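Novice: sequence-free structure coming up:
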Ligand code: ZN
């Protein structure tokens, strides 16, 4: 009797274990490194029950580990604590402390942060890499920002296009934000918050030397919002860091080395986005079809984002119209009609879902060398 029961149980257990094992190697967000920099996937705007979120901080850590993120911050509203009668904790660093404890023994980097939550202007602003969030509690938000700066924080403007504070959805720089920038109290701006993309915030960032940020601003569950189990992903900030550490990330953020990634869309300054695209798109192999001048090129995409390439060369393609849908972590074959057999071929493409400025597609140049 026992033996009969035991066998199916063992089978089930081993199935369960192998599924779990598989999951830990199943990256949700991953891009190749670029020359000189690690590419780190980070989400620096999240909430828990310590402000108006619905989960305990340990869940945020577990979600980040499942999503293979490199770094997170739990940015509770300093001035908005709707669960305070149930969870009366006076220390604004508490969510960070619990998350940091939960992340011990893992590779996840947790940094202390807070959301300074005001009417517009200045609206909502995150300060991360804080040493003590309690000291940011001031009536005058400028004093909160100055204290954050004293603590060495990286400070960014959250959802500047939020329709609750901007009914037209158009991010607009105010005099107060100009003053913050002039005083070194504002370093970044969310181009992406949750599922919203702001071209105006993108332009404000380029015009004012601010770092491009993409965050989830999650209050509920990542899996419910972004359907991770069906291949979805949360928005992240990809950070080009010299070293994989909290200080390495802080340095990269202050130096504006980021690319925003959401729903197969990438947005970044050309100097950061182009090396990332060049690291993602590889020419795996190339050969001429027998007795023809049709060059068969196998392209490989080492990043997670699908890339939609539009042919910008003078050559035409044998099968496609000139658009190559190069899926994330996979390969595509293109057939280029070069008219004669060449030793090397340059293939320029526009990447239609990667932007170096609002509405401006990134351009890459692939070089194909034949033996
Ligand atoms: Zn928030």
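Specialist: Looks like it came in fine. This structure is a prediction, so every number in the text was calculated from the model and none was measured.

Novice: Residue 127 contacts residue 146, correct?
Specialist: No. With contact defined as CB atoms under 8 Å, residue 127 does not count as touching residue 146 (10.7 Å). (C-beta placed from N, C-alpha, C; glycine too.)

Novice: Among the two, which residue is more densely surrounded?
Specialist: Between residue 127 and residue 146, counting by other CB atoms under 10 Å, residue 127 is the more crowded of the two (27 against 17).

Novice: Is the more buried one bridged to anything, and to what?
Specialist: On the basis of DSSP bridges, residue 127 is bridged to residue 114, residue 155.

Novice: check contacts around the residue nearest in space to the middle of the chain.
Specialist: For the chain, the residue whose C-alpha lies nearest the mean C-alpha position (CA atoms, centre = their mean) is residue 236; its distance is 2.0 Å. The contact partners of residue 236, by CB atoms under 8 Å, 6 or more residues apart in numbering, come to 29, 41-43, 69, 214-216, 260-262.

Novice: cool, residue 73 as well?
Specialist: Per CB under 8 Å, 6+ apart, neighbours of residue 73: 43-46, 96, 110-113, 126, 128.

Novice: What are the buried residues along stretch 28-41?
Specialist: 28-31, 33-34, 37-41 (16 or more other CB atoms under 10 Å).

Novice: again, but for stretch 308-325
Specialist: Buried residues in stretch 308-325 (16+ other CB under 10 Å): 308-309, 311, 313, 315, 317, 324.

Novice: what do you get for stretch 270-283?
Specialist: Here stretch 270-283 shows 272-277, 279-281 as buried, counting by 16+ other CB under 10 Å.

Novice: hmm, back to that, return the subset of the buried residues of stretch 28-41 lying in strands.
Specialist: 38-41 (DSSP state E).

Novice: could you dump those to JSON lines with distance to the ion and pLDDT?
Specialist: Shown next, in JSON lines, are these (distance: CB to the ion, whole Å; pLDDT from 0 to 100):
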{"residue": "38", "distance to the ion": "27", "pLDDT": "98"}
{"residue": "39", "distance to the ion": "25", "pLDDT": "98"}
{"residue": "40", "distance to the ion": "21", "pLDDT": "98"}
{"residue": "41", "distance to the ion": "19", "pLDDT": "98"}
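
Novice: mind checking how far the residue in the stretch 201-350 of the chain positioned nearest to the ion is from residue 338?
Specialist: Closest to the ion within the stretch 201-350 of the chain is residue 217: 4.6 Å, counting by CB to the ion. Distance, residue 217 to residue 338, by CB to CB, to the nearest Å: 49 Å.

Novice: Going by how many neighbours each has, rank the two and give me the top one.
Specialist: Taking neighbours as other CB under 10 Å, residue 217 and residue 338 compare with residue 217 leading, 24 against 17.

Novice: For that one, give me the pLDDT.
Specialist: Predicted confidence (pLDDT) at residue 217: the value is 98.

Novice: domain assignment for this structure?
Specialist: Using automatic domain parsing, the domain parsing of the chain gives 25-263, 277-369.

Novice: Just say which of those is most tucked in.
Specialist: Per-stretch averages of neighbours, counted by mean count of other CB atoms under 10 Å, single out domain 25-263 among the domains of the chain, with a mean of 19.

Novice: Doesn't residue 112 lie inside a strand?
Specialist: Yes. Under DSSP: H, G, I helix; E, B strand; the rest coil, residue 112 falls within a strand.
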